[in-house]
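*Asks:* Make a model of this:
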Amino acid sequence: MNHENVMKRRRFLGVAAAGTGALIGGFPRGLLAAETVKDIPYRTLGATGEKVSLLGIGGFHMGSPSEGEGVQIVRDALDAGVNFLDNCWDYHDGRSEERMGRALKDGYRDKAFLMSKIDGRTKDSCARQIDESLKRLQTDRIDLMQFHEIIRENDPDRIFAKGGAMEAMTEAQKAGKVRYIGFTGHKSPAMHLAMLEDAEKHGVHFDAVQMPLNVADAHYDSFEQLVLPVLIKKRIGVLGMKPFAGGFLIKNQLGLTPEECLRYAMSLPVSVTITGCDSMKILDQALKAVRGFQPMSESQIAALLSRTSSIAEKGKWERYKTDTIFDGTSHNPQWLG
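*Replies:* The predicted model follows:
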């Protein structure tokens, strides 16, 4: 989608462009206000009133370690005071949900705000995937279910069409299988704006939206610049993901530490920053960053953005925006239905 269309969508939504400094310092301080559980900040998820931990545990990485360690990561996070868990129907062919389901037994389900995602764009495929996720997660309800990978221009049209996925999602919500509804994507802010525009046309208010928010995104085709202000205005819960840009900001010796990447992402007016933890060491790293968290000052943010402006040029380290490396549904179109 070209720049002119992005601007049209922004005008439709009535939101002026906002610089990074305005996002940090210009929004009401109440967006960053937090209660704490075991020294972990909790924020409010948009207009839902739900309190969620600032740190969320990514579900994709549940499929990487041994089953025992994957289960232990989830339980240790919940015991530490984290309550937000991310997952998806397609992660590791369902293995991530299955492991998380095992972790949530023995009373752990009641400690969690459980989120998962489905890929289906038709009513039938969406309904089937919701039921499969419930079975794998060994639960009768998923707190937040999201449409996954809104990365194609026709995704909103398919979801909102007659016989589309929104019909199944709404029916699942009425049946108590799903409490709240949202969507995710990593490709382009324009796709998010299109989805929000179509939702408004159909009288739908999403409860949450998930997108990459990190120090590189601030410089290139930025969800922070273009989408975050819209979500705040509409009181939609903001779920930040990829604080390390899929690991590229840490693995490529760019002079960035995991702690400052996490601190930057958490200093934005998000409800949750979701990060993958594929070992106990990485979980401990994330817990260290969130315990007693205080937002970065505007001078600290300005210094970090100055250091990273050339690094982030043209999305070099945000490959999920510029190629298909993270596009699971593009490689597996059958998941869409």
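*Asks:* name the element Glu259 belongs to?
*Replies:* Assessed by DSSP states H and E, Glu259 sits inside helix 258-267.
*Asks:* likewise Gly56?
*Replies:* Counting by DSSP H and E, Gly56 is part of strand 55-58.
*Asks:* With adjacent residues omitted, what lies nearest to Asn109?
*Replies:* Rather than Asn, residue 109 is Arg. Thr139 (5.8 Å; CB to CB, 6 or more residues apart in numbering). C-beta here means a position set from N, CA and C on the backbone, and glycine is covered the same way.
*Asks:* Contacts only, for the one you found.
*Replies:* By CB atoms under 8 Å, 6 or more residues apart in numbering, the residues touching Thr139 are Gly101, Leu104, Arg109, Leu114.
*Asks:* One more: Trp89?
*Replies:* Trp89 makes contacts with Glu97, Ser116, Lys117, Ile118, Asp119, Gln129, Glu132, Ser133, His148, Trp335, as judged by CB under 8 Å, 6+ apart.
*Asks:* Report the beta-bridge partner residues of Met241.
*Replies:* Bridge pairing for Met241 (DSSP bridges) gives the partners Pro212.
*Asks:* any idea how far it lies from Lys135?
*Replies:* With distances taken as CB to CB, to the nearest Å, Met241 is found 25 Å from Lys135.
*Asks:* Look at those two and report which has more neighbours.
*Replies:* Neighbour totals were compared for Met241 and Lys135, and Met241 leads with 25 against 13 (other CB atoms under 10 Å).
*Asks:* Check the more buried one and give its pLDDT.
*Replies:* Per-residue confidence (pLDDT) for Met241: 98.
*Asks:* before we move on, the earlier item: next SSE downstream of the helix holding Glu259?
*Replies:* Assigned by DSSP H and E, the successor of helix 258-267 is strand 272-276.
*Asks:* That next one pairs with which strands?
*Replies:* Checking strand 272-276 against DSSP bridges gives partners strand 55-58 (parallel), strand 237-241 (parallel).
*Asks:* Minimum distance to Ile73: which of these has it?
*Replies:* Nearest to Ile73 among the strands paired with strand 272-276 is strand 55-58; the distance by CB to CB comes to 7.1 Å.
*Asks:* quick one: average pLDDT of the closest one?
*Replies:* The pLDDT scores in strand 55-58 average 98.
*Asks:* Downstream of that strand, the next helix or strand is which one?
*Replies:* Proceeding N to C from strand 55-58, the next assigned helix or strand is helix 67-80, under DSSP H and E.
*Asks:* hang on, the earlier thing: reformat the strands paired with strand 272-276 as CSV; add distance to Val37.
*Replies:* Output for these, formatted as CSV (distance: least, CB to CB, whole Å):
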stretch, distance to Val37
strand 55-58, 11
strand 237-241, 18
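*Asks:* residue ranges with poor pLDDT in the stretch 51-200 of the chain?
*Replies:* By pLDDT under 70, the stretch 51-200 of the chain contains no weakly predicted segment.
*Asks:* what about the strands in it?
*Replies:* In the stretch 51-200 of the chain, strands defined by DSSP state E, counting those that start in this stretch lie at 51-53, 55-58, 84-85, 113-118, 142-147, 178-184, listed in chain order.
*Asks:* residues of the helix or strand hosting Ile232 that come out buried?
*Replies:* Per DSSP H and E, Ile232 falls inside helix 228-233. Using 16 or more other CB atoms under 10 Å as the test for burial, helix 228-233 gives Leu228, Pro229, Val230, Leu231, Ile232.
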